[in-house]
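Engineer: when you get a sec, could you give me coordinates for this:
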Amino acid sequence: MKMNVRPFAALALATTLVFGSCKKENATNSADSDNNTETTSHADDQSQVSEETDAVTNDATLSVEGTSSFSGNVLHTTPEICDATVSFDTTGTTKKITITYDSSGCSRARIRSGSVILSMAKNVYWKNAGAALTITYQDLKIKRKHDNKTISINGSHVITNVSGGLLINLPTLGAITHTITGNMSITFGDSTQRAWQIAEKRVFSYNNGLVITVTGAHTEGSNSNIVLWGTNRFGHAFKTSITQPLVIKQDCNFRVTAGTVTHEGFGTATATYGLDANGNPASCPGTGSYHCKVIWTGLAGQAHSALFAY
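Structural biologist: Numbering: from 1, shown residues only. Alright, predicted model coming up:
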């Protein structure tokens, strides 16, 4: 049984999407209000960065798995990314794919310009265990369509195919494990520039369709589940942990069906996914709505919460 790799281009893991939606809460005093503003503003920054790096990772996976000289698969398909052109260079000791985004805005979510370069050692094929692919961001600028919020990303990530195997062959392989590590320089719309780091583990399995289980892979002290950390635009250190694995299922229209994310630094906010409208665990709604419950505590000690559809 074969899988079509093209749907993977649509995957954008919404690991922190919910935090930016907590702005309806009213704070009890000025200090609490400032803390809530920072918490929700930073979390929205984090949401956007996570969505955009995930989108690039999906473009990279589509390009590499569809290109025989990179994947090691005998089949070759031309990568199709609606807002980018893809070019190849296999003449040197390092083979490269360049994805150049054209600002066409064909996506309903974003407008992108700039480029990313995918590089791999010439004698390495992505299907092999331990194969490593470097993604280098070259002034990638993104405007989010629904509010025109912009970010720019520079830096690099390394995706490692820990287990080996191609997603197109997943039903016969059982599971495929990828890790993502790297450093980014993020420039926000107010020209603030900050350094962020990522460490993520993705396990792909097959159960009536693709299932992706996402966990954090960075350790600080007793916390081994950190997925993203750095300094926010307000100058405060933060870290985000996946405290219960995030699960994305193809047979639920690639929705996040379960998992818990905790954001820490200048406060703590916890988001639980895969709930119904009453805040209870939900069965797969397909095209319907899941809900997420977010809980955090302001500086005044007052608990805040929000439950909303996604």
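Engineer: so where do the strands sit in the stretch 151-300 of the chain?
Structural biologist: Counting by DSSP state E, counting those that start in this stretch, one finds strands in the stretch 151-300 of the chain at the ranges 175-188, 193-206, 210-216, 218-220, 223-231, 237-249, 255-264, 268-275, 291-297.
Engineer: reformat those as a markdown table; add distance to residue 62.
Structural biologist: Backbone N, C-alpha and C define where each C-beta goes, glycine included. Written out in a markdown table, the entries for these read as follows (distance: least, Cβ to Cβ, whole Å):
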| stretch | distance to residue 62 |
| --- | --- |
| strand 175-188 | 14 |
| strand 193-206 | 14 |
| strand 210-216 | 14 |
| strand 218-220 | 26 |
| strand 223-231 | 22 |
| strand 237-249 | 16 |
| strand 255-264 | 20 |
| strand 268-275 | 25 |
| strand 291-297 | 28 |
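Engineer: nearest to residue 152, of those strands?
Structural biologist: Of all those, strand 175-188 sits nearest to residue 152, with 4.2 Å by Cβ to Cβ.
Engineer: how many residues are close by the nearest residue to residue 284 once chain neighbours are set aside?
Structural biologist: Ranked by Cβ to Cβ, 6 or more residues apart in numbering and with sequence neighbours excluded, the top spatial neighbour of residue 284 is residue 252, at 4.2 Å. Burial measure for residue 252: 22 neighbouring residues, criterion other Cβ atoms under 10 Å.
Engineer: wait, residue 252 sits on residue 283?
Structural biologist: No: taking contact to mean Cβ atoms under 8 Å, the distance of 9.3 Å between residue 252 and residue 283 leaves them out of contact.
Engineer: now do the helices in the stretch 1-150 of the chain.
Structural biologist: 30-65, 68-71 (DSSP state H, counting those that start in this stretch).
Engineer: packing partners of the last one?
Structural biologist: For helix 68-71, the contact count by 3 or more Cβ pairs under 8 Å, 6 or more residues apart in numbering; DSSP states H and E identifies helix 30-65, strand 94-102 as packing neighbours.
Engineer: as CSV, those with mean pLDDT and distance to residue 271 would be great.
Structural biologist: Putting those into CSV (pLDDT from 0 to 100; distance: least, Cβ to Cβ, whole Å) gives the following:
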stretch, mean pLDDT, distance to residue 271
helix 30-65, 79, 9
strand 94-102, 97, 30
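Engineer: single out the most deeply packed of those.
Structural biologist: Scoring the helices and strands packed on helix 68-71 by mean neighbour count under mean count of other Cβ atoms under 10 Å gives helix 30-65 as the most buried, with a mean of 21.
Engineer: distance check, the nearest residue to residue 94 once chain neighbours are set aside against residue 143.
Structural biologist: In space, residue 94 comes closest to residue 119 once its chain neighbours are excluded; the distance is 5.2 Å by Cβ to Cβ, 6+ apart. From residue 119 over to residue 143 the distance is 27 Å, taken as Cβ to Cβ, to the nearest Å.
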